[in-house]
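Visitor: Coordinates for the following, if possible.
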Amino acid sequence: MNRLKTKYLGFELDSPLVPSASPLSRDVDTVKRLEDAGAPAIVMYSLFEEEIHHEDAELEHYLTNGSHSYAEAMSYFPEPVETLEGAEKYITQIQLLKKAVEIPVIASLNGVSVSGWMQYAKKIEDAGADALELNVYYIPTDQSMSGTDVKNLYVECLQEVKKHCRIPVAMKISPYFSALPSFAKRLQDEGADGLVMFNRFYQPDIDLEKLEVSTRINLSTSDHIRLPLRWIAVLRGQLQLSLGASSGVHTAKDVLKLTMAGADVTMMATALLQNGPKHLKKIRKKLIEWMDENEYESLEQMRGSMSMQNVSDMGAFMRGNYIKMLREFKVHA
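Guide: Residues are numbered from 1 along each chain as shown. Below is the predicted model:
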């Protein structure tokens, strides 16, 4: 019996240890090493809307009123003269990966507007991608734009993609939504097959020497799992779609905690960038050891066991936990 098996986006996977979108998938040999180390699927690096329609008028409107930070390092962006080549390279990379590995290849589209670029989802499907992760990365700064407008933007992007392709689609979202369970339910009703939580917004900084806004990537730590852990625990049992945890997955303990909260897969990038594909084998080994020590037959047995619906104190995921922490906090002289 495969004790680590799970199901995500309709795929039966050997484990929940899925490499998330990162530069690792730019190299075919690295992806093969990840497969050999036990990766049950791979999420490709993102194809950005800017790489397809950098002069699109609608995109210019959104970016003028939005953020100048992006979900992956700026150093991975091609120069504008390489725009079309970059998009075509992405399609070619899908085809190369499908020939090289047997695990599901999940493509990633990253953008902010609803326009013709969404039709690229069909090209991705035709290239052989098994599924698509849609990362709508948008920071609203226009005071005339309401919360409903922002949610509608996400939904419209999902609807547009579902018009053009039949492969499973997962929505990767940020945690900054009011009434997140309601929004998640709406995404499910509009056809999302999975929900990936969360996209970490990379925050700008100010360079005091150059007196300019600077960008830098702060890699995740295990502490970052707390945010997805809470919301996965809240949503588990309320939704029928797949739940993917992203941000801060570094160790076997991180995987166990997120699985108990209700995650179907636990995606990682930083840990693999720092330690290489072999890190997957280490985590698998630690998972089995912990399960043996604590008499768990499978991850499925523990999945959702610590979700909000299954814990004795539901307040631990709400205000009750906040009040408890404040009361127990001690100031050291």
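Visitor: Only C-alpha atoms from now on, for both contacts and neighbour counts.
Guide: Fine.
Visitor: quick one, what contacts the spatially closest residue to His224 that is not a sequence neighbour?
Guide: Excluding the flanking residues, the one nearest His224 by CA to CA, 6 or more residues apart in numbering is Gly248, at 4.6 Å. Gly248 makes contact with Ser220, Thr221, Ser222, Asp223, His224, Ile225, Asp254, Met268, Thr270, according to CA atoms under 8 Å, 6 or more residues apart in numbering.
Visitor: In three-state terms, how would the residue nearest to the third one when sequence neighbours are not counted be classified?
Guide: Nearest-residue entry for Ser222: Gly248, 4.5 Å, with adjacent residues in sequence omitted and distances by CA to CA, 6+ apart. With DSSP: H, G, I helix; E, B strand; the rest coil as the basis, the three-state label of Gly248 is coil.
Visitor: can you give me phi and psi for Gly248?
Guide: Dihedral pair for Gly248: phi 90, psi 10, per degrees, to the nearest 10.
Visitor: Model confidence for the residue nearest to His224, exactly?
Guide: On pLDDT, Gly248 comes in at 96.
Visitor: Then Ala252?
Guide: Looking at Ala252, its pLDDT stands at 98.
Visitor: Name the SS class of the nearest residue to it once chain neighbours are set aside, please.
Guide: In space, and not counting its chain neighbours, Ala252 is closest to Ile283: 5.0 Å by CA to CA, 6+ apart. Under three-state DSSP, the three-state class of Ile283 is helix.
Visitor: Measure how buried Ile283 is and give me the count.
Guide: Ile283 has 19 neighbours, counted by other CA atoms under 10 Å.
Visitor: ok, now how distant is it from Glu295?
Guide: 18 Å (CA to CA, to the nearest Å).
Visitor: do Ile103 as well
Guide: Counting by CA to CA, the gap from Ile103 to Glu295 is 30 Å.
Visitor: So between those two, which is more surrounded?
Guide: Neighbours per residue, other CA under 10 Å: of Ile103 and Glu295, the larger number sits with Ile103, 20 against 9.
Visitor: my guess is that one meets Gly38, correct?
Guide: No - using CA atoms under 8 Å, Ile103 makes no contact with Gly38, being 9.8 Å away.
Visitor: picking that back up, now distance to Lys278, neighbour count and secondary structure too, for the contacts of Gly248, in CSV please.
Guide: Shown next, in CSV, are these (distance: CA to CA, whole Å; neighbours: other CA atoms under 10 Å; DSSP: H, G, I helix; E, B strand; the rest coil):
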residue, distance to Lys278, neighbour count, secondary structure
Ser220, 19, 17, coil
Thr221, 19, 14, coil
Ser222, 19, 14, helix
Asp223, 22, 12, helix
His224, 22, 18, helix
Ile225, 22, 23, helix
Asp254, 17, 19, helix
Met268, 13, 25, strand
Thr270, 13, 20, helix
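Visitor: Return the closest of those with respect to Met44.
Guide: Met268 (12.2 Å; CA to CA).
Visitor: OK, contacts around the closest residue to Ser25 other than its chain neighbours?
Guide: Leaving aside its chain neighbours, Ser25 sits nearest to Met44 (5.3 Å; criterion: CA to CA, 6+ apart). If you count contacts by CA under 8 Å, 6+ apart, Met44 has them with Ser20, Ala21, Ser22, Ser25, Arg26, Val105, Ile106, Ala107, Ser108.
Visitor: Could you do Leu158 as well?
Guide: By CA under 8 Å, 6+ apart, the contact set of Leu158 is Leu134, Met171, Leu187, Glu190, Gly191, Ala192.
Visitor: Sort out which residues of the helix or strand Cys157 falls within are buried, please.
Guide: Here Cys157 sits within helix 147-164, counting by DSSP states H and E. Under the neighbour-count criterion of 16 or more other CA atoms under 10 Å, helix 147-164 has Leu153, Tyr154, Val155, Cys157, Leu158, Gln159, Glu160, Val161, Lys162 buried.
Visitor: now do stretch 276-293
Guide: Within stretch 276-293, the residues scored as buried using 16+ other CA under 10 Å are Gly276, Pro277, His279, Leu280, Lys281, Ile283, Arg284, Leu287, Ile288, Met291.
Visitor: ok now it, how far from the chain's centre?
Guide: Chain-centre distance of stretch 276-293: 22 Å, with CA atoms, centre = their mean, to the nearest Å.
Visitor: Now do it, average pLDDT.
Guide: 98.
Visitor: could I have it exported to CSV, CA atoms only?
Guide: Extracted in CSV, the C-alpha atoms of stretch 276-293 (Å, rounded to 0.1, in the frame of the first residue of the first chain):
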residue,chain,number,x,y,z
GLY,A,276,17.9,20.4,-4.6
PRO,A,277,15.6,17.5,-5.7
LYS,A,278,17.1,15.1,-3.2
HIS,A,279,15.2,17.0,-0.5
LEU,A,280,12.0,15.2,-1.6
LYS,A,281,13.5,11.8,-0.6
LYS,A,282,14.4,13.2,2.8
ILE,A,283,10.9,14.5,3.5
ARG,A,284,9.3,11.2,2.3
LYS,A,285,11.5,9.3,4.7
LYS,A,286,10.7,11.6,7.6
LEU,A,287,6.9,11.3,6.8
ILE,A,288,7.0,7.5,7.0
GLU,A,289,9.0,7.6,10.2
TRP,A,290,6.6,9.9,11.9
MET,A,291,3.6,7.9,10.7
ASP,A,292,5.2,4.7,12.1
GLU,A,293,5.8,6.3,15.4
